[in-house]
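[1] Pasting the sequence and the predicted model now:
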Amino acid sequence: HSSLFHTRLNQQVANILWYHNKKNEGVMCEKAFSPFPLPALALVHTAAECCIDEWYEGKCKDISFLSGEYREAYD
């Protein structure tokens, strides 16, 4: 996959969160998002880890996405 974010997951999440429309942060604050901030990319992957954890046992289990629970994954 040849895009700024190298994987479809990264690109899709970034588009939804920061580039969905012309009033989103990625568009409005172009300088802050160029290059794309590594902490934002880390957030994408940490949230993905939470989603995997929710489905780990084959059924959706509601898990709160809290900084205390996922700080190690984010850092």
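    Right, received. Where do you want to start?
[2] Report pLDDT for the residue lying closest to residue 62 once chain neighbours are set aside.
    Counting by C-beta to C-beta, 6 or more residues apart in numbering, the nearest residue to residue 62 once its immediate chain neighbours are dropped is residue 54, at 7.0 Å. Quick note: C-beta positions are derived from backbone N, CA and C, even for glycine. What the model reports for residue 54 is a pLDDT of 93.
[3] what does residue 46 give?
    Among the per-residue scores, residue 46 holds a pLDDT of 90.
[4] Quick check: buried residues in the host helix or strand of it?
    In this structure, residue 46 is located in helix 38-54 according to DSSP states H and E. In terms of neighbour count (16 or more other C-beta atoms under 10 Å), helix 38-54 has its buried residues at 40, 43-44, 46-47, 50.
[5] residues in contact with the nearest residue to residue 65 once chain neighbours are set aside?
    Once flanking residues are discounted, residue 65 sits nearest to residue 50: 4.9 Å by C-beta to C-beta, 6+ apart. For residue 50, the contacting residues are 63, 65, 69-70, by C-beta atoms under 8 Å, 6 or more residues apart in numbering.
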